[in-house]
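**Q** Quick one: sequence plus predicted model below, questions after.
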Amino acid sequence: MPSPKTKNPGRSGGSQAVGSSSDRFEFASLNKSLLQRQGSDPATARLRASESPTRRRGSSSSTGSASGQGPEEDGIRLNPSFIRVALSSLLAIDLWMSKRLGVCACEDSSWGSVRPLMKLIEISGHGIPWLAGTAYCMYKSDSPAGQEVMLNLFMGLLLDLVLVGIVKALVRRRRPSHNRMDMFATFSVDRYSFPSGHATRAAMCGRFLSAHLVLAAPLRVLVQLWVGTVGLSRVMLGRHNVTDVAFGFWMGYCQYNLIEMLWISPQTLQGLLGYVV
Ligand SMILES: CC(C)=CCC/C(C)=C/COP(=O)(O)O
């Protein structure tokens with residue numbers, strides 16, 4: 001659980017329980033839009049229609065609805081959709097679970113003594129050791145087949161960084177309020193938490209290793225255990241909400257399919273190099 005030491009510059013103050021200031025921040029925006037939808041009765045709609053264009057423009061930025069919408073869209077706003085209610089419930093459960101599981105968020109959290117181990121697991125899924133290790137193995141490999149596998153893993157790791165960066169920049173979900181931002185070597189988008197870059201990398205590399213490098217069944221089980229541990233450690237460290245990690249796993253799983261689709265074979269490489277040179 002978070003301690004008074006917990007800092008998060010993006011949030012106003014620390015929090016101890018679900019329904020705290022930070023959670024309320026996320027709920028507030030959901031509730032606001034729900035209320036706005038519910039409040040779109042004909043009288044409100046008429047009132048809105050009579051607003052001056054300037055006022056409507058101003059309000060559209062906060063409500064997320066553009067001025068001058070057609071009647072069909074107003075009709076949709078009359079009925080808060082089931083999906084929206086389901087999503088806000090999921091978000092509530094997500095925040096509650098993430099807060100409960102964030103037991104290593106700082107040294108004086110309930111499981112604070114395990115934090116160094118969790119940080120070690122964090123390093124095992126960080127981009128830098130993976131990129132450096134793969135580049136080293138590619139350089140050291142004396143078989144063309146080994147080099148091919150390593151080159152594709154390297155390209156996959158770069159692709160992962162780009163895709164995660166894009167999704168983080170688009171979604172812009174803040175990290176949990178109990179997170180202490182003390183990760184090493186991060187990009188600016190890493191102040192956002194959705195999806196977990198460690199989870200995407202772990203899931204993608206886990207599938208890659210099992211398909212190309214780790215052939216013994218017991219070792220494959222170990223690889224999958226590592227993937228799960230990396231995901232769990234993200235929530236326990238307070239870095240992520242559960243949904244960030246769950247989506248990250250799914251995204252990493254799909255990224256592996258992308259690597260297989262875009263597989264760079266020696267022939268492709270020769271073609272590409274021949275084209276460039
Ligand atoms: C600097 C390089 C090469 C990678 C950054 C890796 C990183 C710190 C990702 C953030 O992961 P989470 O989204 O799981 O916190």
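**A** Done, it's in.
**Q** how about the nearest residue to the residue of the stretch 1-150 of the chain found nearest the ligand, chain neighbours excluded?
**A** The stretch 1-150 of the chain approaches the ligand most closely through Gly127 (2.9 Å), counting by Cβ to the nearest ligand atom. Every C-beta, even on glycine, is put in place using the N, C-alpha and C of the backbone. Distances taken as Cβ to Cβ, 6 or more residues apart in numbering place Leu161 nearest to Gly127, at 6.0 Å, with adjacent residues excluded.
**Q** Neighbours of that neighbour, how many?
**A** 17 (other Cβ atoms under 10 Å).
**Q** What residues sit buried inside whichever strand or helix holds it?
**A** Using DSSP states H and E, Leu161 maps to helix 144-171. When burial is assessed from 16 or more other Cβ atoms under 10 Å, helix 144-171 yields the following buried residues: 147-154, 156-157, 160-161, 163-165, 167-168.
**Q** check these against the ligand, which are close?
**A** Leu161 (Cβ under 6 Å from any ligand atom).
**Q** Number of residues surrounding Tyr136?
**A** If we define neighbours as other Cβ under 10 Å, then Tyr136 has 11 of them.
**Q** in the stretch 51-200 of the chain, which spans are helices?
**A** Taking DSSP state H, counting those that start in this stretch as the criterion, the stretch 51-200 of the chain contains helices spanning 53-63, 71-78, 82-101, 115-124, 127-140, 144-171, 197-208.
**Q** Could you list every helix and strand in contact with the fifth one?
**A** When contacts are defined as 3 or more Cβ pairs under 8 Å, 6 or more residues apart in numbering; DSSP states H and E, helix 127-140 packs onto helix 144-171, helix 197-208.
**Q** what's the last one packed up against?
**A** It stands for helix 197-208. The contact analysis (3+ Cβ pairs under 8 Å, 6+ apart) places helix 197-208 against helix 127-140, helix 144-171, helix 217-236, helix 242-261.
**Q** and if you look at the longest one?
**A** Contact here means 3+ Cβ pairs under 8 Å, 6+ apart; on that basis helix 144-171 packs against helix 127-140, helix 197-208, helix 242-261, helix 266-276.
**Q** Which one of the helices and strands packed on helix 127-140 lies nearest to Ser188?
**A** Taking Cβ to Cβ, helix 144-171 is the member of the helices and strands packed on helix 127-140 nearest to Ser188, at 9.0 Å.
**Q** what's the angle from the closest one to helix 197-208?
**A** Per axes from the mean of the first three to the mean of the last three Cα atoms, to 10 degrees, the angle that helix 144-171 makes with helix 197-208 is 150 degrees.
**Q** check contacts around the residue nearest to Gly127.
**A** With contact set as Cβ atoms under 8 Å, 6 or more residues apart in numbering, Leu161 has these partners: 127, 187, 197.
**Q** Equivalent analysis for Gly248, please.
**A** Taking Cβ under 8 Å, 6+ apart, we find Gly248 in contact with 164, 195-200, 203, 231, 240.
**Q** Can you give me the distance of Gln147 to Asp108?
**A** Gln147 is 48 Å from Asp108, where distance means Cβ to Cβ, to the nearest Å.
**Q** Kindly provide the distance from the residue nearest to Ala135 when sequence neighbours are not counted to Met251.
**A** Distances taken as Cβ to Cβ, 6+ apart place Phe154 nearest to Ala135, at 6.2 Å, with adjacent residues excluded. Using Cβ to Cβ, Phe154 is found at 19 Å from Met251.
**Q** Same check on Trp263?
**A** 19 Å.
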